[in-house]
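> A structural model of the following input is requested.
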Amino acid sequence: MEKACLKKKDNLWVLFNGTEYVVGLTKEAQDDLGKITFASVPKVGQTFTQGETLIELEAEKAVNEYISPLTGVVSSVNEKIDEDVDVLNDDDELNAWIISLKDVDATQFDAL
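Here you go, the predicted model:
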């Protein structure tokens with residue numbers, strides 16, 4: 001298994017865990033938005049192209065769209081977001097993960 005690697009781009013972080021690319025919200029983005037009150041997240045099986053809108057977040061200070069840093073297929077979604085969107089306000093940004101992607105071209109990740 002390859003070593004885990006974390007990269008950040010456009011207020012999102014991407015963690016390659018050896019099999020999938022996990023995407024989440026950076027602490028800086030959390031701070032800029034304020035308390036997140038609503039999240040529109042993709043469904044498992046959806047395909048995204050790098051640069052396409054991936055998620056939309058509503059918060060105290062703004063409504064922001066975040067673009068996909070990679071091209072791939074959604075393999076999992078953080079189900080806690082549906083139960084309590086406050087998980088995206090967690091001080092530990094790794095707990096603010098949103099989706100995992102599979103079928104990603106590793107060169108896109110390397111270029112982040």
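> Mind listing what's buried along the longest helix seen in the chain?
When the chain is scanned for its longest helix (criterion: DSSP state H), the result is helix 27-33. Within helix 27-33, the residues that qualify as buried are Lys27, Ala29, Gln30, Leu33, counting by 16 or more other CB atoms under 10 Å. Bear in mind the C-beta positions are built from the backbone N, C-alpha and C, glycine included.
> Stretch 34-51 now?
Residues Ile36, Ala39, Val41, Pro42, Phe48, Gln50 are the ones in stretch 34-51 that count as buried (16+ other CB under 10 Å).
> same check, this time on stretch 19-28
So, applying 16+ other CB under 10 Å, buried residues of stretch 19-28: Glu20, Tyr21, Val22, Val23, Gly24, Leu25, Thr26, Lys27.
> so what's the fourth one bridging to?
With DSSP bridges applied, Val23 shows beta-bridge pairing to Val14, Ile99.
> ok so, going back, in strands, which of the buried residues of stretch 34-51 appear?
In strands, judged by DSSP state E, the following of these are found: Ile36, Ala39, Phe48.
> on that earlier part again, in JSON lines: the buried residues of helix 27-33, plus distance to Ser100.
Converted to JSON lines, those look like this (distance: CB to CB, whole Å):
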{"residue": "Lys27", "distance to Ser100": "20"}
{"residue": "Ala29", "distance to Ser100": "18"}
{"residue": "Gln30", "distance to Ser100": "20"}
{"residue": "Leu33", "distance to Ser100": "22"}
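> could you dump the residues you listed to JSON lines with pLDDT and distance to Glu65?
Shown next, in JSON lines, are those (pLDDT from 0 to 100; distance: CB to CB, whole Å):
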{"residue": "Lys27", "pLDDT": "90", "distance to Glu65": "19"}
{"residue": "Ala29", "pLDDT": "89", "distance to Glu65": "12"}
{"residue": "Gln30", "pLDDT": "89", "distance to Glu65": "16"}
{"residue": "Leu33", "pLDDT": "88", "distance to Glu65": "12"}
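> This completes my enquiry, with thanks.
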